[in-house]
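A.B. asks: let me see the structure of the following:
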Amino acid sequence: MSTWLLERDSFLVGLLRLDGRGDYILQGTCRGGIECPFPPLYQCKDCFTTELYCKHCTVEKHRENPLHRIEYWNDGYFSHTTLKILGLRIQLGHACRECCYNPSTAFHDDFVVLDINGVHEVALDFCACQLAQSHAVQLLHTRWYPSTTIAPKSAATFHLLHHFHILSCESKASAFEYWQSLARLTNNTGVSPTKDRYVVLLRMIKQWQNLTLLKQSGLGHDPAGVHAATPGTCAVFWKFALFLAIDANFRLVRKNVSSDEVDPGLSQGWSYFVEERGFKSFLNDAKSTCARHSAVNLADTKNVRGLAATGVGTVDCTRHNLKRPCAVGNLQKGERYVNMDYLLFSTLQHTPDIVVLNTSYDVACQWSKHIWTHMSCYPSTVHFDYTDKKVVFLIPKFHLPAHIAACQIGFSFNLVKGVGRTDGEAPERGWANINPVATSTHKMGPGSHLLRRIKITIPERDLHVQDFEDFNQTLSHKRLNEVNTWKSAIERWEEDRSQPNPFEIKSKHKPYVFLSQKEASDLECGINVSLHSDISPSILISSGIDYEDQQCCLRHDHSALGVHATDLQLVKFQEHSNTLQRKISQWCTIQLLYLPSIARVRTSDIESSIDSTQEEKPADIKLWLPSQIRREMLLPCNDIHGQRANTRAGVIIKNIKINNTLSALAPSLARCTWTTELPKLEEGDIRGMGDSAFGESSGNRTLLWIWKVQGVATAGMEGEAVLSKGEQSPLSLRVKWCRSRARANRWVEEVELLLEEMRCVSAFLAWHAAWWDEQATRRVGLDDASLEGIRGYAKHQAALRRSMRDVFLTKWSIVPALLHPEATAAPV
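C.D. replies: Predicted coordinates for the structure are as follows:
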């Protein structure tokens, strides 16, 4: 950029120079023809050269490029003109420059062609000879798409229609925005407004996209033509496995501005959208009883006035991010179960022979309860035989945290066998891509995609398999029988989800229950340690824990206030703060009854603060629960008094080098291997069993070294913090072991799934190439030119598939070197 700045002025002069005649300023006569005597006054903005020609030569040079833009030199500057004004007439139905003896001028000699460089008014003649074809066909043979089938007055170039299709997919530009761009390219001053062809362009785009779909689906090669189309014929889908994801999008609404009679659908259920009339006749009222999912519960209360569709529902293949055939439909009153049921059963009609069906839905916990009962009430045309199939219902990973704990265990992708690292969020990725084109309704190739995924997956697989093997070995050393029991339990659950779930975690209220039960047991034995008539030790501790939670909430509320908080927000915050202040003050008074020594600790804490004269805020008051007192007194400094002394002692304690001490003692204790047995405890290593490091999720969480050292499975004096005594297995360790095993298995399965998908892609492309070869000769009874075009298109498609297959196989050739055979087997 700095180099360009030095040349910026010369660039500017170069641009301005092109507004004159440039290198041809001294040219006196036209050089377009032999001895042409006329002055060169006309220049083409779209040709490669900037040379000027006379009127006659300009017209002759543009008989094969009739949509170029022309300027003429008019008294010292260039003015806009058109080839129509210069006298160029376009003759259809004959070869270029060939004379037609019976030309038929277009309607009122006012024909408009849309191209990517603007809107062009042209002088067009159709052929009206005896063997001439219809006007629409003559335009198609010129690669111009007619606006109507009878007496067309407008057309769009194939180039423009293809350009809009790619542009709308990549930039999400609407047809209206595209038309506005064309109008401004034609005239951006407003002096000569462009003739409005927006509605015409919409119709041509719709027809073009439908024809492209039919062409790419091979229906043009079928002897029956378009009449051979059946539901799902034009859809692209995989037959090798079914991982389905269901969702709805309420941004893709459609206003009630037309009807099926005036603006009928063109696909009629041939690809991804269901057949509209059959869909509407099927629908009836249905409503969810799940209290937490407003998308379903508010189905009948959404504002639907003036809308023909309140959104779109879909069923996707969540492994490949593809829409399923006959799996997209409009919603009329929100995300009702009956709509989503129909979409699911409609697409399942195309794969009746599957063995395993994994289906994810953000409300699967409720929806799956009665899905088969609902199906029995539907017409037999949408029934699906599930009796001999393994059907698993799941909740997408991103939506799962919003559900209760039971759903998070029973419907998690991370815990279910055979799903790999599938997340169930394919519809959301699709909505993120399609939402920018919502105003229109008001790719990386698979080879590179699979290669990138497997490069990431293989190292993760090796890491998590090794993590689990180390953890399993540590536990098996002390508790082999229990580990075998866990293994049997989890295998039973994987085969039959009605069995007890080994991933079930103790409720967060269990400590309160334990304390209450312990107190009740003591009272039965005649032991009463309560020093207060209403508040026992267990109530004191449980209420203290609750106050800690309220302090966290208060700190969060304070940080959320911001610098521009309203008076009402400040008043509410202060009321909560005052209430918590009173509760903590009363709690601290009763705490002194049970822990008199806490007064000294609390006084010392106040003296060591920076400003002891300022009253502590309720969110910052340290409650000094028993567990906190124990940690603070691990290294007591009873003989040190005063703020300065305590500060100095704290610095000394903080700077104790445990590692250096162990290093010095190791030789005399003959424990030189302690560094591998007890690595340094970093700050990030101190976290709860369910907590993840930054950037980690439940599916890629790594095990800390603490869980792999000898002794973690040994119950000590305080073993109940990790292990439960009695007849039950150590619950916390069991859950940790089960989750570690599940993580390792999901990564192993993901590698297997990706390898299988690579094989399927290769096999599909080989089959599809052979299929296109067969289509080349199916159509008969047409003229030679049409048959040659049909054969040429089929051969081109076959060659394209083979080329794609070769490219993918070349890219994937490095995969065997990435694999480690010894780590491909699933853990125990």
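A.B. asks: could you measure from Arg778 over to Lys215?
C.D. replies: Distance of Arg778 to Lys215, given as Cβ to Cβ, to the nearest Å: 14 Å. All C-beta atoms are positioned from the backbone trio N, CA, C, and that covers glycine.
A.B. asks: what count of nearby residues applies to Ile590?
C.D. replies: Residues lying near Ile590 (other Cβ atoms under 10 Å) number 16.
A.B. asks: isn't Leu86 right up against Thr58?
C.D. replies: Yes: counting by Cβ atoms under 8 Å, Leu86 touches Thr58, with 6.2 Å between them.
A.B. asks: which neighbours do those two share?
C.D. replies: Tyr42, Ile70 (Cβ atoms under 8 Å, 6 or more residues apart in numbering).
A.B. asks: of the two, which one has the most company?
C.D. replies: When Leu86 and Thr58 are compared for neighbours, Thr58 comes out ahead with 26 against 16, by other Cβ under 10 Å.
A.B. asks: helix/strand/coil for that one?
C.D. replies: Look at Thr58: counting by DSSP: H, G, I helix; E, B strand; the rest coil, its state is helix.
A.B. asks: any idea how far the nearest residue to it once chain neighbours are set aside is from Glu64?
C.D. replies: Nearest residue to Thr58, sequence neighbours excluded (Cβ to Cβ, 6 or more residues apart in numbering): Tyr42, at 4.3 Å. To Glu64, Tyr42 is 17 Å away according to Cβ to Cβ.
A.B. asks: likewise Val122?
C.D. replies: The value you get for Val122 to Glu64, if Cβ to Cβ is used, is 14 Å.
A.B. asks: neighbour count for these two, which is higher?
C.D. replies: The residue with more neighbours, out of Val122 and Glu64, is Val122; 20 against 9, by other Cβ under 10 Å.
A.B. asks: residues contacting that one?
C.D. replies: Applying Cβ under 8 Å, 6+ apart, one finds that Val122 lies in contact with Pro66, Leu67, Thr82, Leu83, Lys84, Leu88, Ile90, Phe111, Val112, Val113.
A.B. asks: so can I have CSV of these showing distance to Tyr198, pLDDT and secondary structure?
C.D. replies: Converted to CSV, those look like this (distance: Cβ to Cβ, whole Å; pLDDT from 0 to 100; DSSP: H, G, I helix; E, B strand; the rest coil):
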residue, distance to Tyr198, pLDDT, secondary structure
Pro66, 23, 95, coil
Leu67, 19, 95, coil
Thr82, 21, 94, coil
Leu83, 24, 95, helix
Lys84, 22, 94, helix
Leu88, 26, 94, coil
Ile90, 24, 94, strand
Phe111, 17, 94, strand
Val112, 12, 95, strand
Val113, 15, 95, strand
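A.B. asks: farthest pair in the residues you listed?
C.D. replies: Leu88 and Val112 (15.1 Å; Cβ to Cβ).
A.B. asks: isn't Tyr547 up against Ile584?
C.D. replies: Yes: contact status for Tyr547 versus Ile584: in contact at 5.8 Å, counting by Cβ under 8 Å.
A.B. asks: any common contacting residues for those two?
C.D. replies: With Cβ under 8 Å, 6+ apart, Tyr547 and Ile584 have common neighbours Leu623.
A.B. asks: Ala183 and Pro618, how far apart?
C.D. replies: Remark: distance between Ala183 and Pro618 (Cβ to Cβ) = 64 Å.
A.B. asks: weed out the non-buried ones from the contacts of Val122.
C.D. replies: For the contacts of Val122, a burial check counting by 16 or more other Cβ atoms under 10 Å picks out Pro66, Leu67, Leu83, Lys84, Leu88, Ile90, Phe111, Val112, Val113.
A.B. asks: possible to save those as CSV with distance to Val226?
C.D. replies: Listed next are those as CSV, based on distance: Cβ to Cβ, whole Å:
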residue, distance to Val226
Pro66, 32
Leu67, 31
Leu83, 37
Lys84, 37
Leu88, 37
Ile90, 30
Phe111, 29
Val112, 29
Val113, 27
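A.B. asks: does anything pack onto the lengthiest helix in the chain? Which helices or strands?
C.D. replies: In the chain, assigned by DSSP state H, the helix with the most residues is helix 446-495. Here helix 446-495 touches helix 731-775, helix 784-811, helix 815-818, going by 3 or more Cβ pairs under 8 Å, 6 or more residues apart in numbering; DSSP states H and E.
A.B. asks: low-confidence stretches in the stretch 1-150 of the chain?
C.D. replies: Along the stretch 1-150 of the chain, the model assigns pLDDT under 70 to no residue.
A.B. asks: strands of that one, start to end?
C.D. replies: 42-44, 70-73, 78-81, 89-91, 103-105, 111-115, 118-127, 144-146 (DSSP state E, counting those that start in this stretch).
A.B. asks: what ranges do the strands span in the stretch 251-400 of the chain?
C.D. replies: Going by DSSP E, counting those that start in this stretch, the stretch 251-400 of the chain shows strands at 254-255, 307-309, 311-317, 322-331, 356-361, 390-394.
A.B. asks: of all those strands, which lies closest to Thr810?
C.D. replies: Of the strands of the stretch 251-400 of the chain, nearest to Thr810 by Cβ to Cβ is strand 322-331, at 23.9 Å.
A.B. asks: next, count neighbours for the residue nearest to Thr58.
C.D. replies: If you count neighbours by other Cβ under 10 Å, Tyr42 ends up with 26.
A.B. asks: now it: how far from Glu71?
C.D. replies: 7 Å.
A.B. asks: find residues that contact each of these two.
C.D. replies: Joint contacts of Tyr42 and Glu71 (Cβ under 8 Å, 6+ apart) are Thr81.
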